[in-house]
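Student: next input, structure requested:
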Amino acid sequence: MSRAVEWWDRHQIPLYLVAIAAGAFAGLAVVEVTPFLEAFGVLIAAPLAAAAVVQALARRHRAGRIVEEVMAGSMVPLMMATLAVVVGSQISAVGSQALALVRLVPLYSAFVVLAVAVGRLAARTASLDAAATRAVMFSAATRNSLVVLPLALALPAVLDIAPLAVVTQTLVELVAMVVLVRLVPRLVPEALPA
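Tutor: Prediction:
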C-alpha cells in the first residue's frame, strides 16, 4: 500500500498545487501567500479581467470590436512566442531533472488517450456533428497547463520540481496535439455514422 501511495505522491504534482494553495498540504503552510497571490493576480486574474472588458466593449463600440479582432488574429503567434519563452526559460532545468520528469511522460500520455476517448463518448452522448465532436476531443485533451505555471513558480524552493512538471506536461501536450491533428480526422470522419 505504501508503494502505491508513494507512486501517487510523485506523480500528482498538479493536484498538490491545489492542495497547497488551499492550505491542505498535511496542515503545513508551505506556500508564501504574497508571491502566490501576486502571480495569480498579475498573470491570471488581470488578463481574464482585461478579456472580459474587451468583450463587453466589443458589444457596444467599434473600437472594442477592432481590439477583439486584432487580439483574435494575433492569438496563434502570441501563443507560439509564449511557449518559446516559457520552454526556453525552463528547458535547462527540465534537462537537469530529466530522470525524475521522464516518469511523468506515460502518465501525461495516458491522460491524453483517456481524454480523447471521453471527449468522443461525450460528443456521441450529446449527438454532436463531426466538427463539434473533433472540437470536444481536442478540448478534453488540452489542459492548458501553462496557466498554472506562474503559480507553480511562486512555490517555495522545496517544491522546485513543480514548474518543471508543468513544462514537461506542456511538451507532452504539444506532441500529442501534433499527433491528434492527424489522428482525430480519422477517428471522426466528416460524415459520422448514425
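
Student: roughly how far apart are residue 161 and residue 96?
Tutor: Going from residue 161 to residue 96 by Cβ to Cβ, to the nearest Å gives 11 Å. In this view, the C-beta of every residue, glycine as well, is placed from N, C-alpha and C.

Student: the more surrounded of these two?
Tutor: With neighbours defined as other Cβ atoms under 10 Å, residue 161 and residue 96 compare such that residue 161 has more, 19 against 11.

Student: that one contacts residue 97, correct?
Tutor: Yes. Contact criterion Cβ atoms under 8 Å: residue 161 and residue 97 qualify, at 6.1 Å.

Student: so where is the protein shaky, pLDDT-wise?
Tutor: Along the chain, the parts satisfying pLDDT under 70 run over 1-32, 191-194.

Student: where do the helices of it begin and end?
Tutor: In the chain, the helices defined using DSSP state H lie at 2-11, 13-21, 33-40, 46-60, 62-73, 75-96, 98-101, 104-125, 130-141, 149-153, 161-187.

Student: out of those, deepest packed?
Tutor: helix 149-153 (a mean of 21; mean count of other Cβ atoms under 10 Å).

Student: which strands or helices does that one pack on?
Tutor: helix 13-21, helix 33-40, helix 161-187 (3 or more Cβ pairs under 8 Å, 6 or more residues apart in numbering; DSSP states H and E).

Student: between the ones you listed, which one is nearest to residue 46?
Tutor: Among these, the nearest to residue 46 by Cβ to Cβ is helix 33-40 (9.4 Å).
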